[in-house]
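Student: Dropping the sequence and predicted coords here.
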Amino acid sequence: MIAWKIESDIVFLIKTMKKKHLEKALSTGEFRFSYPEDFSNNTGGTLNPAQVDAWDSRHFFQAENIFAYPIVGKNENGYIYGSGIKLADKTTMTEITGINKHTPFCSFRKITEQDFIERDGKLIFSLGDTVDRIQAEFGHDSFVLIAVPNEFINRIKQTHSCYGKSIIYGELSLEDVKEFEESEKDGFSQIKMFQKREIYDWQKEYRVILSPTETTESFNIHVGSIKDIAYGGDIEELRLGFALGKSKEDFIKRNDE
């Protein structure tokens, strides 16, 4: 994996889940890592709407004047092509590498500095009615809020080589294109796992990937108890949110009470 550090504007990471997984997530640091095909191929019909993405981990771009040229023969110089057949004036092309198909990842919701408002001398954030959408489209009723993201990532690094980055939604900017091209030149094709369509931008995803594996069977990792850096509860708590006092430490002390 290439060198990286978590973006400076990220304050918290939130992992929503079903209640049956909550205690293990807090007490043993159990988090599930899956593969792109787990979300792009919903043949079993087991996924909730927000989990289905046919383009997951695929780089996509706009192409114009799409033609197909049939092979009509072959000679000593190679293939002979017939007249072009126009397929479309404009379309979206997608591509995925074999490495990306074999790269496991775990997704979180990021809470950034822009998500906070100041009121009565305190910093407040809430998800409001987004809670309804998480319940309806993910089927989740609980959450873990990771109050010290850097420490959480460091604990993953204890046993796994990993890389994290916020998802870019929609077309890439010129700056993003440059970053993607430079990363690919450095042999890091997994950079293309961090672009998704704009219809998913409400999820505010921060994605952590591990090194590619030989198989594509989802698995759990365990980073140990995270009760000292995280707080968990019913997802309804995120509707009104939380007020922070002087520091994030004041917030996570709730776990020890």
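Tutor: That came through, no problem.
Student: quick one: contacts for Phe219?
Tutor: For Phe219, the contacting residues are 32-33, 104, taking Cβ atoms under 8 Å, 6 or more residues apart in numbering as the criterion. (Glycine included, C-beta is placed from N, CA and C.)
Student: any idea how far it lies from Glu64?
Tutor: With the distance defined as Cβ to Cβ, to the nearest Å, Phe219 ends up 42 Å from Glu64.
Student: now the strands: where do they sit in the stretch 151-257 of the chain?
Tutor: With DSSP state E, counting those that start in this stretch applied, the stretch 151-257 of the chain shows strands at 162-166, 168-169, 195-196, 205-210, 219-222, 230-234, 242-244, listed in chain order.
Student: Ok, which of the ones you listed comes nearest Glu151?
Tutor: With distances scored as Cβ to Cβ, the stretch of the strands of the stretch 151-257 of the chain nearest to Glu151 is strand 230-234 (9.6 Å).
Student: give me the low-pLDDT residue ranges for the stretch 101-250 of the chain?
Tutor: Counting by pLDDT under 70, the stretch 101-250 of the chain contains low-confidence residues at 246-250.
Student: residue ranges of the helices in it, please?
Tutor: Counting by DSSP state H, counting those that start in this stretch, the stretch 101-250 of the chain forms helices over residues 130-138, 149-157, 174-185, 237-240, 248-252, given from the N-terminal end onward.
Student: how about the third one: buried residues?
Tutor: Within helix 174-185, the residues that qualify as buried are 179-180, 183, counting by 16 or more other Cβ atoms under 10 Å.
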